[in-house]
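Asks: just need the structure, nothing else, for what follows:
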Amino acid sequence: MTTHDHLNDTHGASLLPVPAKPQEARPRHKRRRFRVVRSARVLGIGVVLWAVVGYGVLGPLKHSIITAPPASEAEDATGSAAISAAAAIIRRELDENGWTPNDPVIAPAAVLDNMPNFQTGIIDAVGRFSFEMLDQIARTRGSSSDDPDLERATGFLQFPPDIWIWEPSRSLLPSVSSESQYRQGLAALERYNARLAQGEAVFERRADTLAATLSRISADLGAQTAQLERAQDTGWWILSRRADDVFYHNKGMLHGYHVLLSGLGHDFDRVIRERGLGMIWNQALDGLEKGAELQPLVVLNGDRDRSIFANHLALQGFYMKRAILQLEEAVNVLAV
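Replies: From the prediction side, this is the model:
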């Protein structure tokens, strides 16, 4: 072998990888495993801390159930106090309290159920009211035309309350959230009220339109009493998650209707006075208000006949049915 060949062989051999010795490979493997375990531990601690701080502290701080009427004013004396009240209660729940029924699981308020049910009840009441405005009060006698702003408001306010910006069960693409739809409904209500104040929209302050509206609202509350009756047969002993959900949904609906009918009373003040409905109207509002103001520490579902424990659904149902009776009495008087 020549000297040149020997050098080539030596150079080629120097390029070959040298396997690590077993005693050197094992420490590297241990270091990698240690880093993985440490990362998993840090991640786990972070998740636990988030659960404790987010769900245990921030979640309860987010909880806000307000049954005091929101401050609202009509555009001027010719605007609708009821429409102004509807706009105020939507704005309060969206902007001041924050909408919670569609919060994702990572949000602090995801652990709440009372506030989402309460807000859902409110939007159900406002949605029904906006439909009656479109179908009854904002329609000229004998006319079949719909007010464009109320038509838009009614559509937006019927949107499901639990849609987030991304719903994989519906679509992998981003979607329009519930609060985004409700804000558009809010804007449409405010446009209608502004046009009404300028004399460019219809608001029929007649006894028959008020009677038809009260009849529909009474029927809506009556349907909720059926839900209330069914919920009393659920749960274990005196505790029932279903009863709790129904209670807070009804609480929101009663509060919503109390706010809306208070405004409607201002709008139809002349009709109410002329028909002598003042006492009946106030009693109906009192039933709605008292039902909405019930605030038990824990919703109990005790046996109505034999239990020493309270049944908060039955108590809520008492006020709800009292309001329904007064509304039906008002309808009968207005129909005369």
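Asks: C-alpha from now on. contacts and neighbour counts both.
Replies: Fine.
Asks: quick check: residue 89 is in a strand.
Replies: No. Using DSSP: H, G, I helix; E, B strand; the rest coil, the secondary structure at residue 89 is helix, not a strand.
Asks: which one is it nearest to, not counting chain neighbours?
Replies: Spatial nearest neighbour of residue 89, chain neighbours left out: residue 70 (6.0 Å); criterion: Cα to Cα, 6 or more residues apart in numbering.
Asks: tell me the spacing between the one you found and residue 157.
Replies: 19 Å (Cα to Cα, to the nearest Å).
Asks: between those two, which one's more packed in?
Replies: residue 157 (27 against 16; other Cα atoms under 10 Å).
Asks: that one contacts residue 131, doesn't it?
Replies: No. The criterion here is Cα atoms under 8 Å, and residue 157 misses it with residue 131 at 9.2 Å.
Asks: ok, back up a step: let me know the secondary structure of the residue nearest to residue 89.
Replies: Using three-state DSSP, the structure places residue 70 in coil.
Asks: residue 103 too?
Replies: In three-state terms, and counting by three-state DSSP, residue 103 is coil.
Asks: next, count neighbours for it.
Replies: The burial count for residue 103: 19, using other Cα under 10 Å.
Asks: pLDDT at it, what is it?
Replies: Residue 103 is assigned a predicted lDDT (pLDDT) of 84.
Asks: so what does it have for phi and psi?
Replies: phi -60, psi 130 (degrees, to the nearest 10).
Asks: start at 17 instead
Replies: Understood, numbering begins at 17; the last thing we discussed is residue 119.
Asks: for residue 151, what are its contacts?
Replies: Residue 151 is in contact with residue 162, counting by Cα atoms under 8 Å, 6 or more residues apart in numbering.
Asks: same thing but at 10 Å, please
Replies: 145, 160, 161, 162, 163, 166, 167, 225, 228, 229 (Cα atoms under 10 Å, 6 or more residues apart in numbering).
Asks: can you give me every residue that contacts residue 83?
Replies: 267, 268, 270, 271, 272, 274, 275, 305, 306, 308, 309, 310.
Asks: and the closest residue to residue 211 other than its chain neighbours, how far is that from residue 204?
Replies: Computed as Cα to Cα, 6+ apart, the closest residue to residue 211 that is not its neighbour in sequence is residue 217, at 5.5 Å. To residue 204, residue 217 is 13 Å away according to Cα to Cα.
Asks: same question for stretch 152-165: list its buried residues.
Replies: By neighbour count on 16 or more other Cα atoms under 10 Å, the buried set for stretch 152-165 is 152, 153, 154, 155, 162, 163, 165.
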